[in-house]
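K.L.:
Can you look at this prediction? I've put the sequence above it.
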Amino acid sequence: MSNLEIADVVKRAYAMPLTNPSFPPGPYRFFDREYVIITYRTTREALEAVVPAPLEIDEPLVKYEFIRMPDSTGFGDYTETGQVIPVRYKGQHGGYVHSMYLDDDAPIAGGRELWGFPKKLANPKIVHEGEVVVGTLHYGSVLCATGTMGYKHREADHDQVLASLAAPNFLIKIIPHVDGSPRICELVRYYLTDIMLKEAWTAPAALDLRPHVMADVAKLPVLDIVSAVHFKADLTLGLGEVVHDYLAENSQSAAGATRLEKVSA
């Protein structure tokens, strides 16, 4: 009896494990996705320590996001939280996905394997408590983030929210060799598509971030709150494209340095 054929291995190799992957092939559609996004000002020094070139920092702002996803194809029912940093890439404004914490294996595996999302297993929540929307992040038993926002005080500008959702997002995809050295290190760009914004609201908000060795959200400290928005939408998470290959550039730089040394000698 023959083994699994090589062609079959390649055909199935969109995810791991090979014969029982953690998630199905895309596209991935989300229904009634609920966002609470609190934009805050931080220090430029903190952002310079985490935003990779060739991305450029605009203002020293961070978007802290709590996202409730009750119905998503392939990935199921889960909640996520994390930090997105407004950036520019070759003049194009977008967001750099700096950190993500969620409570479901399939989107953790799929997000890391396909796009390179910086996802970790944790316990985020969004709950409605009377006149307040509350978002929290626990990493294990430790409370790392608490966001509170007034419940539907004023309608937000729908065009502005849609424009924000339609902007590109960037992240670093890293896959190591079996010896631990980097095999893939790429800047990836992706978009959200087919967006149907159902409602959007704004209100006062507060955000408390606390230090944790494995959930270092507090390393981008909160200086003051700029704005907050709470909305629901249906959308599709588009697949990504590579816009910068760090290993290729490093190889070219090393080759250029070697040629320069030979000329100097």
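P.N.:
Right, received. Where do you want to start? Please read these numbers as outputs of a predicted model, since none were measured by experiment.
K.L.:
Low-confidence ranges, the stretch 1-150 of the chain, go.
P.N.:
For the stretch 1-150 of the chain, the stretches with pLDDT under 70 are 1-2.
K.L.:
For the stretch 51-200 of the chain, which segments are assigned as helices?
P.N.:
Shown for the stretch 51-200 of the chain, the helices assigned by DSSP state H, counting those that start in this stretch span residues 105-110, 158-166.
K.L.:
Could you identify which of the ones you listed is most buried?
P.N.:
Across the helices of the stretch 51-200 of the chain, averaging neighbours per residue (mean count of other Cβ atoms under 10 Å) puts helix 105-110 on top, at a mean of 20. No exception for glycine: its C-beta is placed from N, CA and C like everyone else's.
K.L.:
Give me the contact list for that one.
P.N.:
Contact partners of helix 105-110, identified using Cβ atoms under 8 Å, 6 or more residues apart in numbering, comprise 15-16, 22-23, 28, 72, 74-76, 78, 80, 102, 119-121.
K.L.:
Those: which two are farthest apart?
P.N.:
16 and 80 (21.1 Å; Cβ to Cβ).
K.L.:
more neighbours, those two?
P.N.:
Set residue 16 next to residue 80 and count neighbours by other Cβ atoms under 10 Å: residue 80 wins out with 24 against 12.
K.L.:
Am I right that that one is in contact with residue 67?
P.N.:
Yes - between residue 80 and residue 67 there is a contact under Cβ atoms under 8 Å: 4.7 Å.
K.L.:
Find out how far stretch 4-23 is from the centre of the chain, if you would.
P.N.:
Relative to its parent chain, stretch 4-23 has a centroid offset of 26 Å by Cα atoms, centre = their mean, to the nearest Å.
K.L.:
Buried residues of it, list them for me.
P.N.:
Neighbour-count burial for stretch 4-23 flags 15, 21, 22, 23 (criterion: 16 or more other Cβ atoms under 10 Å).
K.L.:
Just give me the closest of these to residue 161.
P.N.:
The nearest member of the buried residues of stretch 4-23 to residue 161, counting by Cβ to Cβ, is residue 23 at 28.1 Å.
K.L.:
list the contacts for that closest one?
P.N.:
15, 74, 75, 106, 107, 109, 110.
K.L.:
so which of these would you say is closest to residue 39?
P.N.:
Using Cβ to Cβ, residue 107 is the member of the contacts of residue 23 that sits closest to residue 39, with 23.9 Å.
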